[in-house]
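>>> Pasting a predicted model and its sequence here:
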Amino acid sequence: MRMVVAYIRRVFKILRAEVLVLPSRVAVLVFIAAVLALPLVTQDYYILRIMILTSIFAILAASWDLLSGFTGQMNFGHALFFGVAAYVTALLNLRLGLPPYFSIPLGAMGAVLAGLIIGIPCLRLKGSYLALTTLAFPIILMGLVFAFPGITGGELGLSGLKKLTGSRVADYYVTNVLMLVLGGIMWKITDSNTGIILHAIREDEVAARAAGINTTRYKLLAFCLSGFFAGIAGGLYAHFMRLAGPSTLEVGLSFQVIIWSVFGGMVSIYGPIAGVFILNPFMEVLRIFLDNFPSLPEMRMFIFAALVLLTLRFMPEGLIPWLRDKVESECPRCKVRNVFFRRSCRICNAEMT
Amino acid sequence: MAQSFLEVKNLRKEFGGLTATNDVTFSMGRREIIGLIGPNGAGKTTLLRLISGILKPTSGSIKFKGKNITGAKTWNIVNMGIASTFQNMRPFRRLPIVANVMVPCLSPRAMKRGEWVKKVEAKAMDALEFAGISDMALEKASTLSQGDLKRLEVARAVATDPELLILDEPFGGLSPAETELMAKSVARLHKGGRFGRLHSEGPAMIIIEHKLQQLMKIVDRIIVLNFGTILADGPPDVVVKDPKVIEAYLGDGGTTCS
Ligand SMILES: Nc1ncnc2c1ncn2[C@@H]1O[C@H](COP(=O)(O)OP(=O)(O)OP(=O)(O)O)[C@@H](O)[C@H]1O
Ligand SMILES: [Mg+2]
């Protein structure tokens, strides 16, 4: 009993010293709590469905940031990982009867493998060549899907996968907790020494090589990790929707990922996650709202585009970094972040200007 | 040179129709410190980039400690012990200075060499200390002055603990006082010893410079490059009196006077 009390005390002490001092950390804590508590507030079938898809897309967007945001290799075909994983997961489940906890990780590995076969020749490409090539691959794969309907189900896709779990609330917790854990892992990777090397590669690849870094290896590492996480998202999607269809490879999805990330704030992992959690539910609300006006079919995409463009016009770094700069400022001496209203730095006591 | 530490043979690099280095041949010993001079466009930087593997030669060969490194990958060459700086500084702009230097500290060579220093950050700080910019460790590289960027270049190169260090105009953009300081640190590094937790055996050096006066004080051999060919090679006092060298420099408008 005393140990439990001591433990709780310690947690509170850490909370007070490390979390409550910074708005951004409080925001993360609130976000985690809200995600975990949502089913206690509502178990509405439709709302949970939206939030499950949101968490799956959040994993996808964060994984894009890990590759494109951090190493600077713009991937315009991120749906490739998502789609391949969805199909492989579906095949493993339907043909071999593997349960989700095997079919999804294996599907993700399949996505990495496919990515490698296609991606290794691309490693030398840069800039717009890389962008165009990455854009093309999911489209080529979509052609393959239609060419072999016996295996892929053609236009209809593969349906009838086993459910992710037995209930919608359980589905919600599986996808959302995975989103939090994988998001945490990705953030930790980028916050480590490996993260510094990825930053360096984006800033100046030649200079990184001249510093003795095997940049090819690190780019490949980022590629594989990113593909794996995106693949997990694809597998979750297939099992949740009980369907793997050509829409998982669509160009639209690849662009959606980029829009979410750029809107939320690239090169941060949390930015893209926030971007999805804001934009995806917003789009659904908009859909419901606009359904009252059936004469305006194209308004939804228009409003969406206008919103994103306006945001970027006034917050070029994305929404979250912009907000963060509003509520936190950097100590001029030790560069630690502080709440904006502090007069002196919480670490080094230097005067904040 | 009895021992073949670095052997460059008939090294040639052509950019389209332009021959930047024209069959350059020289060798140097483990303890040497060489000044590489020549008028603008003589091919000095090109020669450096060929040795560091950033450029692949059209023909010719480079041997380092008996191994052929012609056309090898830049990172492999660095990890074998050849570090170099960029004349037109290439920092990782959006990273803090200390992170800039942590990158070379994370190279396999640096990790193996300074195993006793647990924290990569501490290693990076030692290199910054050596270059004299440790007080700016947390500033973003984009905020540095030209002179400090030069020092950052040197810090990054030193961080891999090289056996051969090639500096491209390390005094460029520095004030006379700063130049003096940089020259002193470079000479001190060449002798070897302890710099914080950084223990250096003292790398051999090739220094590309236009500021000849300061260069002459620290080097014991000078190679003069002109139009991609070696014009002269010998002790500083002999080379500066060479009529061919004087002519090349006067023809270029007298860059010697700096
Ligand atoms: N990447 C390149 N492509 C084409 N030409 C190049 C390239 N790099 C260098 N050159 C040319 O090769 C010649 C040698 O250039 P280099 O940079 O080696 O001269 P340098 O001796 O370092 O001159 P400086 O003292 O001005 O630094 C120059 O004529 C230059 O224009
Ligand atoms: Mg040059």
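Yes, it's here. Ligands and ions are numbered 1, 2, ... in the order given.
>>> drop to CA atoms for contacts and neighbour counts, all remaining ones
Noted.
>>> Which single residue of the stretch 1-150 of chain A ends up nearest chain B?
Residue nearest to chain B within the stretch 1-150 of chain A: residue A:70 (12.0 Å; C-alpha to the nearest C-alpha).
>>> tell me the SS of that residue?
helix (DSSP: H, G, I helix; E, B strand; the rest coil).
>>> got it, and the one 5 residues further on?
Secondary structure, three-state DSSP: residue A:75 is coil.
>>> Pull the number of nearby residues for it.
The number of residues packed near residue A:75 is 23, by other C-alpha atoms under 10 Å in any protein chain shown.
>>> Test my guess that it contacts residue A:65.
No. Judged on C-alpha atoms under 8 Å, residue A:75 makes no contact with residue A:65 at a distance of 9.6 Å.
>>> what residue ranges in chain A score low on pLDDT?
Residue ranges of chain A with pLDDT under 70: A:296-298.
>>> and it, which residues reach chain B?
A:193, A:196-197, A:199-200, A:203-204, A:206-214, A:334-335 (C-alpha under 8 Å from any C-alpha of the partner chain).
>>> 7 Å instead?
Taking C-alpha under 7 Å from any C-alpha of the partner chain as the criterion, chain A approaches chain B at residues A:196-197, A:200, A:203-204, A:207, A:209-214, A:335.
>>> can you redo the residues you listed as TSV with distance to residue B:201?
Output for the residues of chain A next to chain B, formatted as TSV (distance: C-alpha to C-alpha, whole Å):
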residue	distance to residue B:201
A:196	28
A:197	27
A:200	28
A:203	32
A:204	30
A:207	25
A:209	24
A:210	21
A:211	19
A:212	19
A:213	22
A:214	25
A:335	35
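>>> Residue A:307: which of these is nearest?
The shortest distance between residue A:307 and any of the residues of chain A next to chain B, using C-alpha to C-alpha, involves residue A:203 and amounts to 29.6 Å.
>>> count of residues packed around that closest one?
Neighbour number of residue A:203 under other C-alpha under 10 Å is 20.
>>> In strands, which of the residues of chain A next to chain B appear?
Applying DSSP state E to these, no entry is found in strands.
>>> So which of these wins on neighbours?
So for those (other C-alpha under 10 Å), the most neighbours sit at residue A:211, 32 neighbours.
>>> quick one, what contacts the spatially closest residue to that residue that is not a sequence neighbour?
Among residues not flanking residue A:211 along the chain, residue B:104 sits closest, at 4.4 Å (C-alpha to C-alpha, 6 or more residues apart in numbering or on different chains). Residues touching residue B:104, when contacts are defined by C-alpha atoms under 7 Å, 6 or more residues apart in numbering or on different chains, comprise A:211-212, B:110, B:156, B:159-160.
>>> could you redo the last one with a cut-off of 8 Å?
Taking C-alpha atoms under 8 Å, 6 or more residues apart in numbering or on different chains as the definition of contact, the neighbours of residue B:104 are A:208, A:211-213, B:110, B:156-157, B:159-160.
>>> Then residue B:196?
B:126, B:129.
>>> Which positions in the stretch 1-150 of chain B make contact with chain A?
Residues of the stretch 1-150 of chain B that fall close to chain A, judged by C-alpha under 8 Å from any C-alpha: B:52, B:54, B:74-79, B:83-84, B:90-95, B:99-100, B:102-104, B:106-109, B:138.
>>> Need phi/psi at residue B:39.
The phi and psi values for residue B:39, taken as degrees, to the nearest 10, are phi -60, psi 170.
>>> Okay, the residue nearest to residue A:211 and residue B:110: tell me how far apart.
Relative to residue B:110, residue B:104 is positioned 7 Å away (criterion: C-alpha to C-alpha, to the nearest Å).
>>> same deal with residue A:208?
When C-alpha to C-alpha is applied, the distance between residue A:208 and residue B:110 equals 14 Å.
>>> hey, what's in contact with both of residue B:104 and residue B:110?
Between them, residue B:104 and residue B:110 share the contacting residues B:159-160, judged by C-alpha under 8 Å, 6+ apart.
>>> give me phi/psi at residue B:230?
Backbone torsions of residue B:230, given as degrees, to the nearest 10, read phi -80, psi 120.
>>> need the contact list for it.
By C-alpha under 8 Å, 6+ apart, the contact set of residue B:230 is B:24-25, B:223-224.
>>> And for residue A:88?
Here residue A:88 is in contact with A:103, A:106-107, A:110-111 (criterion: C-alpha under 8 Å, 6+ apart).
>>> Mind checking which of these land in helices?
Cross-referencing those with the helices (criterion: DSSP state H) gives A:103, A:106-107, A:110-111 as the overlap.
>>> Looking at the residues you listed, spot the one nearest ligand 1.
residue A:111 (38.4 Å; C-alpha to the nearest ligand atom).
>>> Of all pairs in the contacts of residue B:104, which one is the farthest apart?
Most distant of the contacts of residue B:104, by C-alpha to C-alpha, are A:208 and B:110, 13.9 Å apart.
>>> what's the offset of stretch A:132-147 from the middle of its chain?
Taking the mean of its C-alpha atoms, stretch A:132-147 sits 22 Å from the chain's own mean (C-alpha atoms, centre = their mean, to the nearest Å).
>>> Please read the previous query as pertaining to stretch A:29-36.
With C-alpha atoms, centre = their mean as the basis, stretch A:29-36 stands 17 Å off its chain's centre.
>>> now swap in stretch A:143-156 and tell me
Put simply, stretch A:143-156 sits 28 Å off its chain's centre (C-alpha atoms, centre = their mean).
>>> Great, nothing more from me.
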